[in-house]
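J.: task: produce atomic coordinates for the following.
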Amino acid sequence: MSAQLKFKDRTRSQFFSTVRKRVDAYFVENGVSSNANAAMWRKASFFLIGYATLYGLILSNQFGLWTMFGMAIVLGMFAAFIGFNVSHDGLHGSFSSRGWVNRLMGNSFYLLGANPYIWKITHNIVHHTYTNIPGHDEDIELAPGLVRLDPQEDLKPWHRFQQWYTFPLYALASLSWVFRKDFVKFFKNQIGHHDNSSHPRQEYVKLFASKIIYYFFFLILPVLVLDLTWWQLAVGFIMMHIAEGLVLGLVFQLAHAVEGTDFPMPDERGDIQEAWAVHQMRTTANFAPDSATAAFFCGGLNRQIEHHLFPKVCHIHYPAISKIVKDTAHEFGLPYLENRTFGSALLSHFRLLRTLGRTQPVRPLVAQPVAVTQQEPVPFL
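T.: Take a look at the predicted model:
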């Protein structure tokens, strides 16, 4: 029988209970809800209306080729911003105290051509629990065999150049998501070591129906209404997704794949010898924490530390609680990783890719497969 991966809090760390108590006190003392406020609703409306407007303008057939080409690129960026600012909070249940509102906001993920159900499994359950653990967190398996983020993975000759070719691969992430990734993940028996062998019947219907609808609105309807050749439409569609994929890929990778973040391996019993919240502090990093622009467009993903500790708190509140989290981390002698700018985070990611493209693999201590127990409690997922 294989071992079960568990977080063993040998030191009985009081970090998470302390920081949670302080964050809860902040909301109570200030009479503030941890869900979306007026500013959050305005921001969500801006991106949703902007997306619909751009799509409508393109289909109006009132603009020249190059103007529509530019609007397609911006439309792809708006899709990514909806993912960051609307879908992400909705899928984590942090947008509202009402479940139907969260479901509605989470379903905006369909506008990206992506499936919210499978995202909740891969992201909310697997990634948020087993962050950066090789063999469990598939987010560090960007392009198996091509990109090496797992220190255990065999080093190949081409990995020496991965810091150069990985960034262009991010641009293909959205296209892969629309045509391949959701189907592959949905029909895998395991994601990491999470049992993924059974899904509700309605999710099969939603997966295929939503993909067909997306293909209709973005591949068939434009052919019917626009005075463009098929190859011009294909270029516009591809460029829209290249823009979307590049924005998505870069922002997500700057949270966990930068210098200083850990990629911990289970011990010989298949355990992680620290508390779950402490593990999050060692595997997660912020970027551009003082940038209002990053906060507006990235939907709080520039403050991933706060997000991983409090995914049920709407991201609009992360700047307010970040000082509490940072001070508490320092009080308990824990790292609080951050890159001061978006550019410095990109450089750090570049250097990490270069390092992992040269270092020999670190072999795991366990000699047998490690399975995940579904009994492991994870706060606030």
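J.: could you use CA atoms for every contact and neighbour count after this?
T.: Noted.
J.: so what's residue 109 up against?
T.: Going by Cα atoms under 8 Å, 6 or more residues apart in numbering, residue 109 touches 82-83, 87, 115-116.
J.: so which of the residues you listed is the closest to residue 247?
T.: Of all the contacts of residue 109, residue 247 sits closest to residue 83, with 10.5 Å by Cα to Cα.
J.: ok, now which ones touch the closest one?
T.: Residue 83 makes contact with 108-109, 112, according to Cα under 8 Å, 6+ apart.
J.: ok, of these, which one's closest to residue 16?
T.: For these, the minimum distance to residue 16 (Cα to Cα) is 30.6 Å, reached by residue 109.
J.: using the three-state scheme, assign the closest one.
T.: What DSSP: H, G, I helix; E, B strand; the rest coil gives for residue 109 is helix.
J.: related to what we said a few turns ago, what is the nearest of the contacts of residue 109 to residue 349?
T.: Of all the contacts of residue 109, residue 349 sits closest to residue 83, with 21.9 Å by Cα to Cα.
J.: could you tell me how far that closest one is located from residue 77?
T.: From residue 83 across to residue 77, the span is 10 Å (Cα to Cα, to the nearest Å).
J.: cool, and residue 152?
T.: With distances taken as Cα to Cα, residue 152 is found 34 Å from residue 77.
J.: and these two? Which one has more around it.
T.: Neighbours per residue (other Cα atoms under 10 Å) separate residue 152 from residue 77, with residue 77 holding more: 24 against 16.
J.: what about that one, which SS state?
T.: helix.
J.: now it. Nearest residue, chain neighbours left out?
T.: In this structure, residue 77 finds its nearest non-sequential neighbour in residue 244, 4.9 Å apart by Cα to Cα, 6 or more residues apart in numbering.
J.: what residues of the one helix or strand that neighbour maps to count as buried?
T.: Residue 244 is part of helix 230-253, with elements assigned from DSSP states H and E. Judged by neighbour count (16 or more other Cα atoms under 10 Å), helix 230-253 contains these buried residues: 233, 236-253.
J.: and for stretch 261-269?
T.: For stretch 261-269, the neighbour count (16+ other Cα under 10 Å) marks 261-266, 269 as buried.
J.: any chance of these in JSON lines, plus secondary structure, pLDDT and distance to residue 19?
T.: Listed next are the buried residues of stretch 261-269 as JSON lines, based on DSSP: H, G, I helix; E, B strand; the rest coil; pLDDT from 0 to 100; distance: Cα to Cα, whole Å:
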{"residue": "261", "secondary structure": "coil", "pLDDT": "95", "distance to residue 19": "21"}
{"residue": "262", "secondary structure": "coil", "pLDDT": "94", "distance to residue 19": "21"}
{"residue": "263", "secondary structure": "coil", "pLDDT": "92", "distance to residue 19": "24"}
{"residue": "264", "secondary structure": "coil", "pLDDT": "91", "distance to residue 19": "23"}
{"residue": "265", "secondary structure": "coil", "pLDDT": "88", "distance to residue 19": "26"}
{"residue": "266", "secondary structure": "coil", "pLDDT": "87", "distance to residue 19": "26"}
{"residue": "269", "secondary structure": "coil", "pLDDT": "82", "distance to residue 19": "30"}
